[in-house]
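K.L.:
Here you go, sequence then predicted model.
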Amino acid sequence: MSAPQPRHIVAIDHGTTSTRAIVFDDRGRIVSSGQREHRQYFPKPGWVEHDATEIWRNTRLVIGEALGDAEITRHDVAAIGITNQRETAIVWDRATGKPIHRAIVWQDTRTQPAVDALAAEGGIRRFAAQTGLPLASYFSATKIAWILDHVEGARERAEAGELAFGTPDSWVLWNLTGGASHGGVHATDVTNASRTLLMDLEALDWDDELCAAFRVPRAMLPEIRSSSEVFGHADSASLLREVPIAGILGDQQAATFGQAAFEAGESKNTYGTGNFLIVGTGAEIVHSEQGLITTVAYRLGDEPPRFALEGSVAVSGSLVQWLRDNLGIIRDASEIEALASSVDDNGDVYIVPAFAGLFAPYWRPDARGAIVGLTRFVTKAHLARAALEAVAYQSLDVLAAANAELPSPITELRVDGGMVRNELLMQFQADVLGLPVVRPEVTETTALGAAYAAGLAVGLWRDLDELRELWAEDRRWEPRIDAAAREHGIARWHQAVERTLDWVE
């Protein structure tokens, strides 16, 4: 009698603030999870770093926690999926497996001078035709070059093939498949590669011209593969040994996949550390004229890739963390909804959280955060409400940019991420957009998307139609405010945004 087929997927979700492992069953339902936060390093203003060794240690721990809580073993797991914070740059020694510098996080702005120098010839869209991306410190290329320039001997070693670069998916994959001791797999998927400023969107491969412009040796780059295929198997030292790693997606693409938004015109908005709107464009590469990013949405095996437009907002959930950690307005992030609900409005206060400049659709690295409209009337409750409203207004800006690019406007917004539990925010988002906002039953769509990609590769699910059938609505918010109040708030928001510009010379 043959053993039963494994019916679970383990998704490893490495985010900006924590690493999680989530076990899903074959209906896409959460069985168990484990989670560990990692330390945030801020060595200088605008600098953000992570310890990649801590991230890998936490990955092993959360896998054990999730398997233990689910009361399953590796024999019950059909595949592993990986999703990750994108753009974050890790460079490590292939022989020792040790990072040569702390990871430089996607939010980090230390490379802005290098970006300005590159933009002096051709502007910030100098490489947009090849990459779909504007020149910005957000993306990986200048971060890699900074590490090579500031660690003694690193550039020479990288050119000799002794060093490896990866976004966190590559780092986790390499370690999970054996690392330095057992020949770990050095690869990434097309979605993560499309966020480096080094991949040609048409060829889906590293571009020699781009590598030369950013001074990144091609020898250190991972192999680019699809989002859904067997990359390798977990090493013998892992609790998941011999289980195939079969899916990799950057976090926002994974969330889109988990929302079953597979086709052109389908969209989602994720509320996490930052805010990210993705709208599919199908097989067509659409170059934005409204400040959006052109990115790879996913690629399944040998099928043609699917593309998307993305509106990236740097600060949303991290604004709540700032109110907690820097200002002490709240003791726990969960307190903000009750505090904000204790007042009827924002007291005419607007917060623009341009801590690292403004991302889409403005792309203004010279901007810095501002709180405008302060009077003696204003309390910490008004600031809490203004912070939540800032998240919604930033989403409004990127959705307006997307509608200007699309043949048909978005008619409802599917939402996910940690902040969608905040019902005050969701209602205000519907009010300011003038659109229904829809939350799915499974809000951990980032991990779910990685699980879906892995499950498709090993045959746990047949096709995209089967995945569509698994999506279910949990809650819907309809707009409540009148048009005049909505337009007044939007106008005041844009006045506040103007106040943040030209702060950094």
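P.N.:
Looks like it came in fine. Residues are numbered from 1 along each chain as shown.
K.L.:
Okay, now the unreliable bits of the protein?
P.N.:
In the predicted model, the chain carries pLDDT under 70 at residues 1-4.
K.L.:
How is it divided into domains?
P.N.:
What the TED database lists as the domains of the chain is 8-252, 267-440+472-504.
K.L.:
Point out the most buried one among those.
P.N.:
Ranked by mean neighbour count, the domains of the chain are led by domain 8-252 with a mean of 21 (mean count of other CB atoms under 10 Å). Backbone N, C-alpha and C define where each C-beta goes, glycine included.
K.L.:
How far does that one stretch from one end to the other?
P.N.:
One end of domain 8-252 sits 23 Å from the other (CA to CA, to the nearest Å).
K.L.:
which one's the longest helix in the protein?
P.N.:
Ranked by residue count under DSSP state H, the longest helix found in the chain is helix 380-405.
K.L.:
related to what we said a few turns ago, want to try CSV for the domains of the chain, with distance to A453 as columns?
P.N.:
Shown next, in CSV, are the domains of the chain (distance: least, CB to CB, whole Å):
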stretch, distance to A453
domain 8-252, 3
domain 267-440+472-504, 7
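K.L.:
So what's the gap between stretch 145-153 and the chain middle?
P.N.:
Relative to its chain's centre, stretch 145-153 lies at 26 Å (CA atoms, centre = their mean, to the nearest Å).
K.L.:
who's Y350 bridged to?
P.N.:
Listed by DSSP bridges, the beta-bridge partners for Y350 are V372.
K.L.:
who's in contact with stretch 39-50?
P.N.:
17, 38, 51, 54, 88, 102-105, 107-110, 112, 356 (CB atoms under 8 Å, 6 or more residues apart in numbering).
K.L.:
In those residues, find the pair that's most separated.
P.N.:
Spanning the widest gap among these are E54 and Q112, at 26.7 Å by CB to CB.
K.L.:
Could I get the full set of helices for the stretch 101-250 of the chain?
P.N.:
Secondary structure of the stretch 101-250 of the chain (DSSP state H, counting those that start in this stretch): helices located at 112-119, 128-131, 141-150, 154-159, 168-176, 190-193, 208-214.
K.L.:
Can you list the helices and strands that the fourth one packs against?
P.N.:
Going back to what we said before, that points to helix 154-159. Packed against helix 154-159 by the contact rule (3 or more CB pairs under 8 Å, 6 or more residues apart in numbering; DSSP states H and E) you find strand 90-93, helix 141-150, strand 163-166.
K.L.:
which helices and strands does the longest one pack with?
P.N.:
Counting contacts by 3+ CB pairs under 8 Å, 6+ apart, helix 141-150 is packed against strand 90-93, strand 103-104, helix 112-119, helix 154-159, helix 208-214.
K.L.:
For these, give me a markdown table that also has distance to L339.
P.N.:
Formatted as a markdown table, these follow (distance: least, CB to CB, whole Å):
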| stretch | distance to L339 |
| --- | --- |
| strand 90-93 | 37 |
| strand 103-104 | 33 |
| helix 112-119 | 35 |
| helix 154-159 | 47 |
| helix 208-214 | 44 |
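K.L.:
Of all the ones you listed, which one is nearest A237?
P.N.:
strand 90-93 (17.8 Å).
K.L.:
what does the closest one rub up against?
P.N.:
52, 98-101, 103, 144, 147-148, 151, 154, 157-158, 162-168, 170-171, 174, 180, 220.
K.L.:
out of the helices of the stretch 101-250 of the chain, nearest to V62?
P.N.:
Nearest of the helices of the stretch 101-250 of the chain (CB to CB): helix 168-176, 11.2 Å.
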